[in-house]
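Visitor: I would like the atomic coordinates for the input below:
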Amino acid sequence: MSLLVYAKTEAEYEKHLRPDANESTRSMRRRPPIGGVLPPELGQLPYDKKMPKKIDVGTYQSNLQKIANFNTVEDFWRHYIHVKRPSQLSRDVNLYLFRDQPNCAPMWEAFPQGGCWILKIKKKANVLGKMWQDLVFAAIGEAFEQLDVVGIAMAIRSKEDMLSVWNADNSDDNTRFAIGEKLKEILMLDSNTLVEYKFHANSIRDMSTFRNAKPYVFAAATPATTN
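Guide: Predicted coordinates:
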């Protein structure tokens with residue numbers, strides 16, 4: 001997997017690293033965008049800056065900045081400790097953790113048959129840091145148990161923040177809803193917590209990952225009764 005950020009300039013990229021970031025982490029900048037440059041099992045940590053609604057795919061992809069790639073837990077920690085925590089990130093920043101494999105990028109067009117589960121978090125809840133870390137650990141540990149999960153994302157916004165889990169293919173509803181159930185389990189969400197899902201095809205049409213997403217509540221299973 002890889003950690004990616006979206007940034008227009010190197011100076012903007014540097015803002016999302018801690019001052020003690022080592023040279024190996026800093027030297028990852030300006031690497032080629034995701035897709036085919038590393039073996040599939042490696043990880044990527046990208047970030048991006050929220051962009052105007054009308055932006056072409058090429059411009060967006062060319063500005064994805066790779067913070068790090070890794071294939072071991074040790075490699076992951078070596079870079080992750082130098083990335084600012086959610087509370088330290090500026091508004092309108094997106095941070096992604098995606099598989100590093102051909103044509104796998106945090107772009108709707110990369111998975112036109114896919115979509116993402118979305119959890120919106122109020123600022124006053126003050127739980128984003130722990131939730132993001134739990135989600136990161138689950139992703140690198142393959143806790144979702146679904147190869148259809150291609151990445152996770154965190155979006156920092158002014159009034160509320162968003163966590164999302166991206167999947168590649170919606171042809172199997174059972175798989176899609178299993179991912180949603182696992183998300184609630186990983187984050188230990190209450191049974192009445194609202195989560196949302198949006199198809200990337202709809203995002204391509206309305207140019208938004210989060211707007212007009214469909215809400216879901218996963219009801220707790222009712223124990224079977226016997227007569």
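Visitor: quick one: what helix or strand has the residue nearest to the spatial centre of the chain in it?
Guide: Residue closest to the mean C-alpha point of the chain, counted by CA atoms, centre = their mean, is residue 153 at 1.6 Å. With elements taken from DSSP states H and E, the one containing residue 153 is strand 149-155.
Visitor: who touches the spatially closest residue to residue 89 that is not a sequence neighbour in this structure?
Guide: Distances taken as CB to CB, 6 or more residues apart in numbering put residue 156 closest to residue 89, at 5.0 Å, once the chain neighbours are dropped. In this view, the C-beta of every residue, glycine as well, is placed from N, C-alpha and C. Shown in contact with residue 156 (CB atoms under 8 Å, 6 or more residues apart in numbering): 86, 89-95.
Visitor: what's the distance between residue 156 and residue 117?
Guide: Distance of residue 156 to residue 117, computed by CB to CB, to the nearest Å: 18 Å.
Visitor: What degree of burial does residue 112 show, as a neighbour count?
Guide: Residue 112 has 15 neighbours, counted by other CB atoms under 10 Å.
Visitor: ugh, typo on my part, it should be residue 57
Guide: Burial of residue 57 is recorded as 13 neighbouring residues (other CB under 10 Å).
Visitor: Give me the phi and psi for the residue nearest to it when sequence neighbours are not counted.
Guide: Spatially, and ignoring its direct neighbours in sequence, residue 57 is nearest to residue 109 (5.6 Å; CB to CB, 6+ apart). Per-residue torsions, residue 109: phi -70, psi -20 (degrees, to the nearest 10).
Visitor: for this structure, what are the low-confidence residue spans?
Guide: Across the chain, the ranges flagged by pLDDT under 70 are 1-55, 63, 219-227.
Visitor: give me every residue that touches residue 150.
Guide: By CB under 8 Å, 6+ apart, residue 150 lies in contact with 98-99, 104, 111, 114, 166-168.
Visitor: what's the closest of these to residue 65?
Guide: residue 98 (13.0 Å; CB to CB).
Visitor: which residues pair with the residue lying closest to that closest one once chain neighbours are set aside across the strands?
Guide: Residue nearest to residue 98 in three dimensions, not counting chain neighbours: residue 151, with 3.3 Å by CB to CB, 6+ apart. Using DSSP bridges, the bridge partners assigned to residue 151 are residue 98, residue 166.
Visitor: What is the neighbour count of residue 151?
Guide: For residue 151, the number of neighbouring residues by other CB under 10 Å comes to 28.
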